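>>> below: sequence and its predicted model.
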Amino acid sequence: MTTTTSNAGTTKATPRSAIGKPDIVRESLVMVRRNLIHTKRQPEMLSDVTVQPIMFVLLFAYVFGASISPGDGFDYKEWLLPGIMGQTIAFSAFIVALGLTNDLDKGIIDRFRSLPMARSSVLVGRSVAALIHSSIGIVVMALTGLLIGWRIHEGFAKAVLAFALVLLFGFAMIWFGILIGSVMRSPEAVNGVMFTLLFPVTFLSNAFVPTEPMPSWLRTIAECNPISSLVQSMRELWGNGPAAPPGAPWPLQNPELSTVLWSIALTLIFAPFALRAYHKRTTD
């Protein structure tokens, strides 16, 4: 309900439905614009997708690269870039969780609830803004990679497919971020939980080192990691690394299909819990 004042000074209630039905597309775009403006006014928020990826690329390429060989004559710098990109897109969940928790903590979501707008537009806007945020990091890493010798060798169509898989996986991770952001009560809690969960997942994979030298039990875990499927698909589509050996598990033998299936599965797992947690948090 909203209130209007007549010429006689009396106030009467106006049903919210009379204002007009919520337009989720337009409202979501407004939320995207709002989040991007917030980033523009605080450019230090881009450090996680600019400074940090460049630091990882240079650190691994020049400090550890001399002692790590991807095999079959492939250059470690080219082999590394897909791994860094996989890590960065996984951390898109962190961006969503932190931003959502900040909005909930500061009461901004309560203000949005008082407006005649669809509640889901807040999540859609936050998700799209997070993908744009992470895409900036992918572009920065690609440019950095070009400067140190990274190249795409398999043609335009496969290059586009690899980038599409990155964004698809990022969309799945966003639902995980919404879940954590809705459950945690402070940005500090989000920092602790997300670093504790995401760092082991991204490092316990083929993103930075080959899995062959790992102990058998650890290698099995690393090769079944969805990050490993994503990274392997990028390496094969860009020509930056060898195909999985015959003894590798099915996800690495079919990395593109595995990445799609993992993305769908993670979305189906996290989305219902995320929506339920968000609804519960915003109706308390």
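Yep, it's here.

>>> in the stretch 1-150 of the chain, where is pLDDT below threshold?
1-22, 44-45, 48-49, 66 (pLDDT under 70).

>>> so where do the strands sit in it?
2-5, 11-14 (DSSP state E, counting those that start in this stretch).

>>> so how far is Arg151 from Phe74?
Counting by CB to CB, to the nearest Å, the separation of Phe74 from Arg151 is 12 Å. The way it works is simple: take the backbone N, C-alpha and C, and place the C-beta from them, glycine included.

>>> what's the answer for Pro246, then?
27 Å.

>>> and for Glu212?
25 Å.

>>> Ile227 touches Phe208, doesn't it?
No - counting by CB atoms under 8 Å, Phe208 is not a contact partner of Ile227; they are 10.5 Å apart.

>>> neighbour-wise, which of the two wins?
Ile227 (25 against 19; other CB atoms under 10 Å).

>>> contact partners for that one?
86-87, 90, 201-202, 205-207 (CB atoms under 8 Å, 6 or more residues apart in numbering).

>>> next, find the distance separating Pro70 from Ala97.
To Ala97, Pro70 is 32 Å away according to CB to CB.

>>> now swap in Thr267 and tell me
Distance of Thr267 to Ala97, computed by CB to CB: 16 Å.

>>> settle it for me: which of those two has more neighbours?
Shown here are Thr267 and Ala97; by other CB under 10 Å, Ala97 has more neighbours (28 against 19).

>>> so who does Leu218 touch?
Shown in contact with Leu218 (CB under 8 Å, 6+ apart): Leu204.

>>> what about whatever helix or strand it lives in, distance to the chain center?
Assigned by DSSP states H and E, Leu218 falls within helix 216-223. When distances are taken as CA atoms, centre = their mean, to the nearest Å, helix 216-223 is centred 24 Å away from the chain's centroid.

>>> same check, this time on stretch 24-42
That offset, for stretch 24-42, works out to 17 Å (CA atoms, centre = their mean).

>>> what's the nearest residue in space to Leu252 that is not next to it in sequence in contact with, if anything?
In this structure, Leu252 finds its nearest non-sequential neighbour in Ala244, 3.8 Å apart by CB to CB, 6 or more residues apart in numbering. By CB under 8 Å, 6+ apart, the residues touching Ala244 are 232, 252-253, 255.

>>> can you say which of the residues you listed are buried?
Buried by 16 or more other CB atoms under 10 Å: 232, 252-253, 255, out of the contacts of Ala244.

>>> got the confidence number for Ala162?
Ala162 is assigned 95 on the pLDDT scale.

>>> before we move on, which element is it in?
Following DSSP H and E, one finds Ala162 within helix 156-183.

>>> could you pull out the buried residues of the helix or strand just after that helix?
As assigned by DSSP H and E, the chain's next helix or strand after helix 156-183 is helix 187-203. For helix 187-203, burial by neighbour count (16+ other CB under 10 Å) applies to 190, 194, 198, 202.

>>> just the CA trace of helix 187-203, in CSV.
What follows is helix 187-203, C-alpha atoms only, in CSV (Å, rounded to 0.1, in the frame of the first residue of the first chain):
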residue,chain,number,x,y,z
PRO,A,187,31.1,-9.2,5.7
GLU,A,188,33.8,-10.5,8.0
ALA,A,189,32.0,-13.9,8.3
VAL,A,190,31.7,-14.0,4.5
ASN,A,191,35.5,-13.4,4.1
GLY,A,192,36.3,-16.2,6.5
VAL,A,193,33.9,-18.7,5.0
MET,A,194,34.6,-18.0,1.4
PHE,A,195,38.4,-18.1,1.7
THR,A,196,38.2,-21.3,3.7
LEU,A,197,36.0,-23.0,1.1
LEU,A,198,37.2,-21.5,-2.2
PHE,A,199,41.0,-21.5,-1.8
PRO,A,200,41.2,-25.3,-1.2
VAL,A,201,38.8,-26.0,-4.1
THR,A,202,40.8,-23.9,-6.6
PHE,A,203,44.2,-25.1,-5.5
